[in-house]
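J.: this one's structure only:
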Ligand SMILES: Nc1nc2c(ncn2[C@@H]2O[C@H](COP(=O)(O)OP(=O)(O)OP(=O)(O)O)[C@@H](O)[C@H]2O)c(=O)[nH]1
Ligand SMILES: [Mg+2]
Ligand SMILES: [Zn+2]
């Protein structure tokens, strides 16, 4: 039985700024409207923005230690899935399949204090319908799997409750960055999502060149696909990997995430970056994470590309735990708390020299470990 618990949350004042006036007839303003606005906008108060607190009742779910779930009148609510959040609003699909444009209660934002977004694509929510196609989100269910990153000391959840993440990299343009793949692998393991690696734009390089990378990750036990949306390579394998699952596509901007979705499901016709003479890496064509249904079964989430993935909640000493191939060699280190960076008599470093551990992965480990220090 879940325990009830009262918690105090800080919440921002509701009407701090004047609401944007919907009356665009600027020439002659309604004098009554001005008067009605005044008291709210100019209320005198010595308290700061976050000094007001409010007590809300929540239920502490035993399955999700530490997570807080608002107690709400479930009979008046519908269950749904967040398809795409945008600003303070989001599109929610109810279990019936009907879609609602929902706003998020301010208190939900306060509960998500330490996170960058209160609501993310894939969230399961309870919402109160308002009219036929609008609603008010009352509760976000605890997230099971999440893919997150750190942005200025805040956790940004990129997507929630998906089965797997397709880590997309490109063989060239932008160049293949295995350290970014390794970061995503850590983030996926941390968020309990199964990773699949996909190296796209295979048409731009000699296939033989890719074999070392594909071999490396396959040997480590990760499913690794090679694709080209231009030549139609690997698309049947990709379809098979996506079929019946909920998959988030993640990776740098311009690697071809939206193009891959279009290739397996042309009717979606997602916007992709048009090739032009201009060069540059941060084009960021997709700007919002969005859930899309696949006609052959399953869902995909197209996420905006990111330049860097700063890990969230992973402490430096734990980084080695995500490099599975290091495990047998850690026993050979002289110091029990060996960081495998500068120590002498390090079993991991010796395994790199002896060829048991790939130098690429070791470099990546050093980079991630020192970045997280
Ligand atoms: N040569 C080659 N180019 C490709 C391939 N797949 C996609 N592209 C091109 O790569 C560019 C970027 O593709 P997008 O699908 O927009 O990339 P994205 O990963 O969705 O990028 P963001 O939305 O910015 O994160 C486009 O010009 C595509 O035509 C491929 O297999 N081979
Ligand atoms: Mg895109
Ligand atoms: Zn060591």
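T.: Perfect, I can see it now. Since the model is a prediction, treat every value here as computed from it, not as a measurement. Residues are numbered from 1 along each chain as shown. Ligands and ions are numbered 1, 2, ... in the order given.
J.: Point out the residues in the stretch 201-350 of the chain that sit beside ligand 3.
T.: Residues of the stretch 201-350 of the chain lying close to ligand 3 (C-beta under 5 Å from the ion) are 333, 338, 340, 346, 348. To be clear about C-beta, it is placed using only N, CA and C from the backbone, and glycine gets the same treatment.
J.: How is the chain divided into domains?
T.: Using automatic domain parsing, the domains assigned to the chain come out as 1-19+73-142, 146-302, 316-372.
J.: For ligand 1, which of these is the nearest?
T.: Checking these against ligand 1 by C-beta to the nearest ligand atom gives domain 146-302 as the closest, at 3.2 Å.
J.: Need the distance between the two termini of the closest one.
T.: Terminal residues of domain 146-302 are spaced 15 Å apart (C-alpha to C-alpha, to the nearest Å).
J.: picking that back up, export the residues of the stretch 201-350 of the chain next to ligand 3 to CSV and tack on secondary structure and neighbour count?
T.: Formatted as CSV, these follow (DSSP: H, G, I helix; E, B strand; the rest coil; neighbours: other C-beta atoms under 10 Å):
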residue, secondary structure, neighbour count
333, coil, 20
338, coil, 19
340, coil, 24
346, coil, 20
348, helix, 25
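J.: For residue 252, state which of these is nearest.
T.: Nearest to residue 252, judged by C-beta to C-beta, of these is residue 340 at 27.0 Å.
J.: count of residues packed around the closest residue to residue 373 other than its chain neighbours?
T.: Of all residues not flanking residue 373 in the chain, residue 316 sits nearest, at 5.2 Å (C-beta to C-beta, 6 or more residues apart in numbering). Residue 316: 15 surrounding residues under other C-beta atoms under 10 Å.
J.: Check the one 10 residues further on too.
T.: Here the count is done by other C-beta under 10 Å, and residue 326 has 22 residues near it.
J.: That one: what's it in contact with?
T.: By C-beta atoms under 8 Å, 6 or more residues apart in numbering, the residues touching residue 326 are 320, 340, 348, 351, 357, 365.
J.: pLDDT weak spots in the chain?
T.: Across the chain, the ranges flagged by pLDDT under 70 are 1-70, 107-116, 274-285.
J.: the strands in the stretch 201-350 of the chain, which residues?
T.: 223-226, 246-250, 290-293, 299-302 (DSSP state E, counting those that start in this stretch).
J.: just these: most buried one?
T.: strand 246-250 (a mean of 26; mean count of other C-beta atoms under 10 Å).
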